[in-house]
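K.L.:
3D model of this:
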Amino acid sequence: MDCSHARLLLLFSRPAESSGSGLGTEMDGLGSPSYLQGHLDQCGECRELARKDKAVDDVLGRAMRQVTVPTGMASRILDRLEHARRPSPWTWLSIAAAVLLTAGLSLTWYLQPLPYLDGGAVFLAAHHGTSAEIVTNWLAAQGCAVDAPQVIDYAYLDSFRMASVQGRRVPELVFVNQAHGTISVAHVYIISRREFRWDDAELIQAVSAGSRGVDLIDAKQGDFWFLVIYSLGSRESFPRQPST
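P.N.:
Numbering: from 1, shown residues only. Reported below is the predicted structural model:
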């Protein structure tokens, strides 16, 4: 047996009161106590290490035996362990709340109203590039008594919808031109002085920030105006609507 093996076995040795060797018999699965003792008899360094370990064990053993165990300490420890093993009622309540929340979210998703199908979007999906007449009819269906703006060629109309502007529904037309490998985008909002009030110069200045150009055009019909915002490209990127 070499020293490294012996010192490993020392970790598992225990003092035995009835053994003159000072080594216990708890190493049966690791090695024979007499085999370890034989190495200690021949190796002074390992024998000194074993002596010091035994001295420490003796001191600690005496100190621990002198400590008076409070009356009922064992039963209190066992009771505390028993309570620790029992799940708290709050644990079950938390689990139940999580289950109910998951079920509620699933039910809300299942019962939520379906999105409104925009007829204009469906039409454009089937017939890309529509006419000003179609847009005029759509505007009338939205309660806007105004003809479609004759600003940009409707061959470039990408979509139209009722947008939300400051809590009010406003018709919005979006034109897209992808000619020559570049993308140009223009938004046309149909606004009314019955729903908004504005100063022309201040409105153009405010909207111009971050855009490539802005036009504010009087529709010459009631109180309607066309606010044209070129977010990508410029006015020159879009052919004008042919006059009829």
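
K.L.:
What are the buried residues along the strand or helix carrying residue 9?
P.N.:
Element membership of residue 9 [criterion: DSSP states H and E] is helix 3-10. Neighbour counts over helix 3-10 (16 or more other Cβ atoms under 10 Å) mark 6, 7, 9, 10 as buried. For the C-beta atoms, the positions are set from N, CA and C on the backbone; glycine is no exception.

K.L.:
Show me how far that helix is from its chain's centre.
P.N.:
Relative to its chain's centre, helix 3-10 lies at 54 Å (Cα atoms, centre = their mean, to the nearest Å).

K.L.:
got it, and stretch 62-69?
P.N.:
So, by Cα atoms, centre = their mean, the centroid of stretch 62-69 is 56 Å from its chain's centroid.

K.L.:
Can you redo the buried residues of helix 3-10 as JSON lines, where the extra columns are distance to residue 81 and pLDDT?
P.N.:
Formatted as JSON lines, the buried residues of helix 3-10 follow (distance: Cβ to Cβ, whole Å; pLDDT from 0 to 100):
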{"residue": "6", "distance to residue 81": "39", "pLDDT": "78"}
{"residue": "7", "distance to residue 81": "36", "pLDDT": "76"}
{"residue": "9", "distance to residue 81": "34", "pLDDT": "78"}
{"residue": "10", "distance to residue 81": "33", "pLDDT": "73"}
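
K.L.:
following the helix holding residue 9, which helix or strand comes up?
P.N.:
Criterion used, DSSP H and E; the element after helix 3-10 is helix 33-42.

K.L.:
Mind giving me the packing neighbours of that next one?
P.N.:
helix 3-10, helix 44-65 (3 or more Cβ pairs under 8 Å, 6 or more residues apart in numbering; DSSP states H and E).

K.L.:
Taking their axis directions, the last one and helix 33-42 sit at what angle?
P.N.:
Helix 44-65 and helix 33-42 are oriented at 120 degrees to each other (axes from the mean of the first three to the mean of the last three Cα atoms, to 10 degrees).

K.L.:
After the helix or strand of the chain with the lowest mean pLDDT, which helix or strand is next?
P.N.:
None of the helices or strands of the chain scores lower by mean pLDDT, DSSP states H and E than helix 119-126, at a mean of 56. Counting by DSSP H and E, the next helix or strand C-terminal to helix 119-126 is helix 132-141.

K.L.:
contact partners of that following helix?
P.N.:
Residues outside helix 132-141 that contact it (Cβ atoms under 8 Å, 6 or more residues apart in numbering): 119-120, 123, 145-148, 150, 154, 157, 160, 171, 173, 190, 241.
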